[in-house]
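Novice: sequence below, structure please.
(2 chains)
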Amino acid sequence: MSFDNAYEALTEDNDTRWAFGTGFADPLAGLDTTVPSGVDAAELARTCLWLGDDALIMSHRLQEWCAAAPELEDEVALANIGLDLLGQARLLLARAAKADPSLVPPVNQSDEDALAFFRDAADFHNVRLVELAGGDFAFSMARLLVFSTWRLALFQRLVDSPDQVLAAIASKGIKELTYHRDYAARWVVRLGDGTELSHERMQAGIDAVWPYVDELFDGDSVLRDEFDAVIAQVMTAGTLKQPPIHSVPTPGAHTEHLEPLLAEMQSVARAHPDATW
Amino acid sequence: MVSARAVAETVTDPELPMLTLADLGVLRDVHESTDGVVVTITPTYTGCPAMDAMRSDLYSALHRAGFDSVDVRTVLSPAWTTDWITPAGREKLASAGIAPPSAAPRGGGPIPLTLTAPPKRVACPQCGSMDTELLSEFSATACKALRRCRACDEPFEHVKEI
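Specialist: Residues are numbered from 1 along each chain as shown, chains lettered A, B, ... in the order given. Predicted structure coming up:
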């Protein structure tokens, strides 16, 4: 294969091997995406969109640790976890679009790209927990612990979804989230039960995350009990205190952190809407 | 003429080129009919970025072998498990310096939290010593962990059990 210049090779359609993951093929390629009878397509789409948004925004926050993590092993770990969640986001957003095409902004992009890059903050349905700006490692580990504990419990339910695609995404995701939760929990324990300074900072991370926990459960006490049992185990091992429950007002709205995040994440796709990836 | 299955079984994994997709358990089915060939594959991890490369390698291999109508489909369920890596695949991994996985955890019911990495008996693929330690649950690809051998001091990768 010969090209006139190096860049030409990058847009060659027939060979995606120049770098993995850059051929933005349909992530549901070859799957039967018919919505089963008895399933409300609009509701299924909404569920997938919300779960997809959580994964997408959380993945972006994890990617911010690339070249900034305290150790190489943790950089690799956080990038891996971010990649798993990005994979979940691709499948869930594509599933949402197939179930309810009216959700997809009318731009000349694949469904998942249109949903990720051409919606504004008000149209995102992620929980506020994932959009909070990080930068502190202890805070990030507290958030990852809460996020993966909640999502793992949720996915264990979704394996029974009547929609075979969502059920399959959940059963695959469970294996990944188990690793994510263990990774975060071990760091929370190590820092909590570490030096005086690391304990203080870990507790501050937990305290900062806690106001955003209530929103995850929307009154679902069964899921909440499962979550609480795991968190209590980690808090005890890490000699940390679970803060009292108090939620931040106006649930459902976004924090001021989401718009700057989207501005960065969406800038290239919006500046070059006709670009070939 | 060689069968479509035989051709598909020669295609190697883009990240672990010492293994074929069949060795890895990613190649789930090859169905040949008068309408053409339907190949079914499953991703190891949801975010596995090599799926497109696998698809395109399967297309090219089958086209080269004279199969004009080829459809590569993905299945997510049942989810891939390292138990599907064949005995031949495990031998190839070990001889390439990558420790193969042991049996994947099975289970129903709530998934237990593991606050300390469970001690695993993983043999060093270089010197065979069982005195090895975990460095990181995550490594250069989603499916591998990083370990070190205390006997020969060499780091090595280990395909983690899922």
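
Novice: now do the contacts for residue A:109.
Specialist: Residue A:109 makes contact with A:117, A:118, A:269, A:273, according to C-beta atoms under 8 Å, 6 or more residues apart in numbering or on different chains. In this view, the C-beta of every residue, glycine as well, is placed from N, C-alpha and C.

Novice: can you tell me the SS state at it?
Specialist: With DSSP: H, G, I helix; E, B strand; the rest coil as the basis, residue A:109 sits in coil.

Novice: can you tell me the closest non-neighbouring residue to residue 69?
Specialist: Using chain A here. Leaving aside its chain neighbours, residue A:69 sits nearest to residue A:75 (3.7 Å; criterion: C-beta to C-beta, 6 or more residues apart in numbering or on different chains).

Novice: switch to chain B, that's the one I care about
Specialist: Using C-beta to C-beta, 6+ apart and skipping the chain neighbours, the partner closest in space to residue B:69 is residue B:36 (2.9 Å).

Novice: swap in residue A:78?
Specialist: residue A:65 (4.4 Å).

Novice: just residue A:165 next, same as before
Specialist: Distances taken as C-beta to C-beta, 6+ apart place residue A:95 nearest to residue A:165, at 5.3 Å, with adjacent residues excluded.

Novice: hmm, back to that, tell me how many other residues crowd the residue nearest to residue A:78.
Specialist: Residues near residue A:65, counting by other C-beta atoms under 10 Å in any protein chain shown, number 20.

Novice: low pLDDT regions in the chain?
Specialist: Just so you know, I chose chain A. When residues are selected by pLDDT under 70, those of chain A lie in A:1-26, A:29-30, A:246-252, A:276-277.

Novice: not quite, go with chain B.
Specialist: Confidence mapping of chain B against pLDDT under 70 gives the ranges B:47, B:107-108.

Novice: who touches stretch A:83-90?
Specialist: Stretch A:83-90 is contacted from outside by A:27, A:51-53, A:55-56, A:58-59, A:62, A:112, A:116, A:169, A:173, A:176, A:180, B:43, B:45-49, B:142, using C-beta under 8 Å, 6+ apart.

Novice: distance from the chain centre to it, please.
Specialist: From the chain centre to the centre of stretch A:83-90 is a distance of 7 Å (C-alpha atoms, centre = their mean, to the nearest Å).

Novice: spatially central, which residue of chain B would that be?
Specialist: residue B:24 (3.7 Å; C-alpha atoms, centre = their mean).

Novice: got a list of what that one touches?
Specialist: Contact analysis of residue B:24 by C-beta under 8 Å, 6+ apart lists B:13, B:16, B:44, B:84, B:85, B:89.

Novice: how does it look with 10 Å?
Specialist: B:12-13, B:15-16, B:41-42, B:44, B:54, B:80, B:82, B:84-86, B:89, B:92-93, B:143, B:159 (C-beta atoms under 10 Å, 6 or more residues apart in numbering or on different chains).

Novice: within reach of chain A, which of those are there?
Specialist: By C-beta under 10 Å from any C-beta of the partner chain, the members of the contacts of residue B:24 lying near chain A are B:15, B:41, B:42, B:44, B:54, B:80, B:143.

Novice: so the fourth one sits against residue B:76, correct?
Specialist: Just to be clear, that refers to residue B:44. No - in this structure residue B:44 lies outside contact range of residue B:76 using C-beta atoms under 10 Å: 11.5 Å.

Novice: among those two, which residue is more densely surrounded?
Specialist: Comparing residue B:44 with residue B:76 by neighbour count (other C-beta under 10 Å), the higher total belongs to residue B:44, at 27 against 21.

Novice: any idea how far that one is from residue B:22?
Specialist: Distance of residue B:44 to residue B:22, given as C-beta to C-beta, to the nearest Å: 14 Å.

Novice: residues shared between the contacts of these two?
Specialist: Counting by C-beta under 10 Å, 6+ apart, the shared contacts of residue B:44 and residue B:22 are B:13, B:84.

Novice: list the contacts of residue B:16.
Specialist: Counting by C-beta under 10 Å, 6+ apart, residue B:16 makes contact with B:23-24, B:44, B:50, B:85, B:89, B:92-93, B:96, B:98, B:141, B:143-144, B:157, B:159.
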